[in-house]
Every structure is written in structure tokens, then in C-alpha cells.
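*Asks:* Make a model of this:
(chains A and B)
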Amino acid sequence: SVLLYQKPNRDICQSGTSLKIQCVADSQVVSMFWYQQFQEQSLMLMATANEGSEATYESGFTKDKFPISRPNLTFSTLTVNNARPGDSSIYFCSSRLGVSYEQYFGPGTRLTVL
Amino acid sequence: GDSVTQKQGQVTLSEDDFLFINCTYSTTTYPTLFWYVQYPGQGPQLLLKVTTANNKGISRGFEATYDKGTTSFHLQKASVQESDSAVYFCALVENTGYQNFYFGKGTSLTVIP
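*Replies:* So this is what the prediction gives:
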């Protein structure tokens, strides 16, 4: 399995500001994924981040709004730019050991934008 | 495209009741199937995994059977406890091609003591 840690656990920010969410894995993983979850709803895949390459974004998510860095095989950051109240949700990083393997999730970062 | 369907948004049961959560899938291949459980304030955790090589997954009293004929992967538990209250997600990953992970919408289970 893979253990994933996220920082911060929660954050409150003002509209128009930016914030960073960090994700650290306890072992090297090829791909890291970022998900968004609104209250009591399903998990929406935002982007896939592989080490040394640009993240691949899903429909509805853009690099300008949610830039992602993946500097090495155990670390990734998600930035929320120009935060709006509609961005208030829980953000999870995730990874898997192989292409057909189960995914593991971090504990999540709860973001509230005022 | 590939998808996972969970029609039950919320389920409320009493302790010791039988649990059945419906999950069907639609893919062009035989995927690997999963059930995840998400407790309040936590990230989703893997509950069960079933591949085409083994048709049934069992964990912590939960079980699910991979039925290629009906393309279903329903989750069952004979006797639920209050501690089973959580959100349950059915998920799949393709075994060919791009290998995206697909999650169902989730079923929120509340077990009343």
C-alpha cells in the first residue's frame, strides 16, 4: 500500500487569494492524482501528475486555476489560484502502485473560501 | 464511455439489518472492480478489490461478487453495525488503454443503533 500525507488538513482563505496544498507519499509512485469532493458528493478527478511532466487536466479544471507541480516521485502540490467560494470543498491527493492496482487516498484538505 | 452506476444515494438501516448496495458498470473490457468506504472526515479507503481472476471479494464482513453477465458488483453485508455508517463508493479501473479510475456517485449508509 501507499501512505499519503496532506498539509494543511484544512484552510480558510479570502476570495481572490491563492493557497497551496502539499501531498507526500511514503514511497515512490509514478502517478499522483488530485480529486475534488463537494459535501457528500462523489470524487471528481481534477488532474493526473507524473514526475517531470506537465499535469494532465480533466474537463472543467485548468492549469491556470489549479496548477500542479510534481518535482519528484514522492511529492506533489496543488495550488488553488484566485480562490472563490465555489472552490470550497475537500481536496484529496491519491496514488496507485500500478496501472491496474487500487488507489490510495490522502486524508484530504478541507478548503473554505470566504 | 466507461462508467459506474450507483443508484442509491442514501440508505438507512437498523443494526443487524442486511445491507445491499447496488453497483453496475459499463466498460468495453473486463475491468478490475473496487468498493471504497469513506468515514466522516477521512479519505476513501479500499474495502474490496476483485479482478477477473477471482470473482468474489470479502473483507470485514462485506462481500461483493463480480458478475460479468449482469455487469454488476453489488456490495452486501449480512448484519450491519452502527460503525458501518459511512459513504460507500463503487469504482473500476480498466485493464487496457488509458486505465482511468472511475467512481460511482456513492451511497451514504446510516445505521441506527
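*Asks:* in the helix or strand containing residue B:20, what counts as buried?
*Replies:* Using DSSP states H and E, residue B:20 maps to strand B:19-21. Judged by neighbour count using 16 or more other Cβ atoms under 10 Å in any protein chain shown, the buried positions of strand B:19-21 are B:19, B:21. For every residue, glycine as well, the C-beta is placed using N, CA and C.
*Asks:* Can you name every helix or strand that it contacts?
*Replies:* strand B:10-14, strand B:75-77, strand B:107-112 (3 or more Cβ pairs under 8 Å, 6 or more residues apart in numbering or on different chains; DSSP states H and E).
*Asks:* what sits up against it?
*Replies:* B:6, B:8, B:11, B:13, B:62, B:74-77, B:80, B:84, B:88, B:90, B:107, B:109 (Cβ atoms under 8 Å, 6 or more residues apart in numbering or on different chains).
*Asks:* Could you let me know which of those ends up closest to residue A:95?
*Replies:* For the contacts of strand B:19-21, the closest approach to residue A:95 (Cβ to Cβ) belongs to residue B:90, at 20.1 Å.
*Asks:* coming back round to it: how about the helix or strand just after the strand holding residue B:20, does it reach chain A?
*Replies:* With elements assigned by DSSP H and E, the helix or strand that comes after strand B:19-21 is strand B:24-26. No - against chain A, strand B:24-26 shows no contacts by Cβ under 8 Å from any Cβ of the partner chain, the least distance being 14.6 Å.
*Asks:* Lowest pLDDT pick from the contacts of strand B:19-21?
*Replies:* Minimum pLDDT for those is recorded at residue B:8 (84).
*Asks:* Need the nearest residue in space to the residue of chain B found nearest chain A, chain neighbours excluded.
*Replies:* Residue nearest to chain A within chain B: residue B:43 (3.6 Å; Cβ to the nearest Cβ). Spatial nearest neighbour of residue B:43, chain neighbours left out: residue A:105 (3.6 Å); criterion: Cβ to Cβ, 6 or more residues apart in numbering or on different chains.
*Asks:* Next up, the contacts around the one you found.
*Replies:* Contacts of residue A:105 (Cβ under 8 Å, 6+ apart): A:4, A:35, A:92, A:93, A:94, B:43, B:44, B:45.
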